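K.L.:
The following comprises the amino acid sequence and a computationally predicted model.
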Amino acid sequence: MTDRLFEKAFANLLVSANELPKLLLDLDPTYPGPVRSDDFPAVTLGWLRSAAVLQFQGVLAVLMHPQCAGEAEILLRPLLDALGHVIFIHEGIPDGTHRTPGTRALCLEFGIARQRDTEIAERFLAIDDEDRVALVSDARARLEQVRVRHQDTGCTCLGRSFSAVRETLRHLGLTDRSYAMLHDQWIWSSGAAHSYFPSRLYRAGPDGFTVVGSEVRPGFRAMVLKHAIDVLADLGERILHVNGTREDQRNRLTYWVANFVETPPLRNALRGEFE
């Protein structure tokens, strides 16, 4: 298959991949919808799913363009963050298994509210005093609201930190290779966000000149797409489970993913047939 034909086939594959968010909404239309602002874990799982879908669609958009496809890996980091938080709410991993999903959702909300309060009050530099007062007031109000709800559950933790995601993925990765790969991808994506890899910045152009643009291979793009599919599907399946969706409905998601992974040219690219 020529590069041109591969690009056409891969573009069609990316369009098909965008059916996954629609399937998740079809299987569980709970959120967005008439969910009370104090309904935990539903409201927390709702915004985590919305955030993950946006990051997933961002991955697809960047993978569409071979010259910048290398940057799609960076967008896997927030997608993996969302998965890590959903795993915590679902199973309590690596700690908190004695608490309910609703309490664990409040642990996350409390941690986020504390971090937001600190950042606005102490770390932002470009906010003028008048705006800072208003923003701090809003952040403090949210923090107090969540603190009271969290305290009422009987939990004494100080909230879940964003950095806890790595430990959640690591805990699962010690016994499950698929999660070990996602743990390592989290580390690599973090490094990609803060580093510059020459192979991602430049490629050989006509007459030996170096030009700006990615030189990532089809196999790399296929791998990033596969990771994005796996992460969003895992996140979605766990949310369906917490929300009490029937097993036969959850199996529709499993069936869709299994079929997608076997779709050419993804299967062939993952096998390195276009390298």
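P.N.:
Noted; the coordinates are in hand. Residues are numbered from 1 along each chain as shown.
K.L.:
Below-threshold pLDDT in the stretch 151-275 of the chain: ranges please.
P.N.:
196-215, 272-275 (pLDDT under 70).
K.L.:
any idea where the helices of it begin and end?
P.N.:
In order along the chain, the stretch 151-275 of the chain carries the following helices (DSSP state H, counting those that start in this stretch): 164-173, 177-194, 198-201, 218-242, 247-261, 266-270.
K.L.:
would CSV of the ones you listed with distance to Leu80 be doable?
P.N.:
C-betas here are computed from N, CA, C, even on glycine. Converted to CSV, these look like this (distance: least, CB to CB, whole Å):
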stretch, distance to Leu80
helix 164-173, 7
helix 177-194, 5
helix 198-201, 19
helix 218-242, 6
helix 247-261, 17
helix 266-270, 19
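K.L.:
can I get those helices in TSV with mean neighbour count and distance to Asn12?
P.N.:
Below are these laid out as TSV (neighbours: other CB atoms under 10 Å; distance: least, CB to CB, whole Å):
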stretch	mean neighbour count	distance to Asn12
helix 164-173	20	31
helix 177-194	16	25
helix 198-201	13	25
helix 218-242	22	12
helix 247-261	14	12
helix 266-270	19	11
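K.L.:
Looking at these, spot the one closest to Arg104.
P.N.:
Across those, Arg104 has its closest neighbour in helix 218-242 (10.0 Å, CB to CB).
K.L.:
what about the closest residue to Ser190 other than its chain neighbours, neighbour count?
P.N.:
Leaving aside its chain neighbours, Ser190 sits nearest to Arg77 (5.6 Å; criterion: CB to CB, 6 or more residues apart in numbering). Here the number of neighbours of Arg77 (other CB atoms under 10 Å) works out to 19.
K.L.:
Let me know which of the helices of the stretch 151-275 of the chain is the nearest to Asp3.
P.N.:
helix 218-242 (8.5 Å).
K.L.:
tell me the angle of that closest one relative to helix 247-261?
P.N.:
180 degrees (axes from the mean of the first three to the mean of the last three CA atoms, to 10 degrees).
K.L.:
Helix 218-242 - contacts with which helices or strands?
P.N.:
For helix 218-242, the packing partners by 3 or more CB pairs under 8 Å, 6 or more residues apart in numbering; DSSP states H and E come out as helix 3-17, helix 19-27, helix 42-63, helix 72-91, helix 177-194, helix 247-261, helix 266-270.
K.L.:
how about 10 Å then?
P.N.:
Helix 218-242 sits against helix 3-17, helix 19-27, helix 42-63, helix 72-91, helix 101-118, helix 177-194, helix 247-261, helix 266-270, with contacts defined as 3 or more CB pairs under 10 Å, 6 or more residues apart in numbering; DSSP states H and E.
K.L.:
and the residue nearest to Ser190, how far is that from Leu174?
P.N.:
To Leu174, Arg77 is 21 Å away according to CB to CB, to the nearest Å.
K.L.:
and Arg149, which of the helices of the stretch 151-275 of the chain is closest to it?
P.N.:
Nearest to Arg149 among the helices of the stretch 151-275 of the chain is helix 218-242 (18.1 Å), distances taken as CB to CB.
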